[in-house]
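J.: give me coordinates for this.
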Amino acid sequence: QVQLVESGGGLVQSGGSLRLSCAASGRTFSNIAVGWFRQAPGQEREIVVAKTWNGGRTNYADSVKGRFTISRDNAKNTVYLQMDSLKPEDTAVYYCAANWDDGRIRITAPDYRYWGQGTQVTVSS
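T.: Residues are numbered from 1 along each chain as shown. The predicted structure is shown next:
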């Protein structure tokens, strides 16, 4: 069992930055594949970035490439999503998701077994 807790969301002006955190308990992130998703009001949940550390691959959505970066701190058992050059269209609830890392890149919501509660990101113009 894996429990995920996101934090770091908030209100930021266009062009600003935020860093989201996803802390895991129950298992370490060393054998866990992670995805960050987001869902805006009235829209479907979409993948932002998917990462397999065992497979050595990272997939970013085209809309965030070059602006968002996923990273991991093993000592803190935490995964981060650094978000720079934020735009109003990045406004959404952001979710951290996890599943066992078998080396495959997982890019859809059903691929993930464990989910955090979500954290709101609002970017003002």
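J.: what sits against the residue most central in space within the chain?
T.: What sits nearest the mean C-alpha location of the chain, by C-alpha atoms, centre = their mean, is W36, with 2.3 Å. W36 makes contact with 20, 22, 47-49, 68, 70, 81, 94-97, according to C-beta atoms under 8 Å, 6 or more residues apart in numbering. C-beta here means a position set from N, CA and C on the backbone, and glycine is covered the same way.
J.: one more pass at 7 Å, please.
T.: W36 is in contact with 48-49, 70, 81, 94, 96, counting by C-beta atoms under 7 Å, 6 or more residues apart in numbering.
J.: secondary structure element for the closest residue in space to G8 that isn't next to it in sequence?
T.: Of all residues not flanking G8 in the chain, L20 sits nearest, at 4.2 Å (C-beta to C-beta, 6 or more residues apart in numbering). For L20, the host element (DSSP states H and E) is strand 18-25.
J.: surely N74 meets S30?
T.: Yes - counting by C-beta atoms under 7 Å, N74 touches S30, with 6.3 Å between them.
J.: could you export the contacts of W36 as JSON lines, including distance to P41 and pLDDT?
T.: Formatted as JSON lines, the contacts of W36 follow (distance: C-beta to C-beta, whole Å; pLDDT from 0 to 100):
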{"residue": "V48", "distance to P41": "17", "pLDDT": "98"}
{"residue": "V49", "distance to P41": "21", "pLDDT": "98"}
{"residue": "I70", "distance to P41": "24", "pLDDT": "97"}
{"residue": "L81", "distance to P41": "20", "pLDDT": "98"}
{"residue": "Y94", "distance to P41": "14", "pLDDT": "98"}
{"residue": "C96", "distance to P41": "20", "pLDDT": "97"}
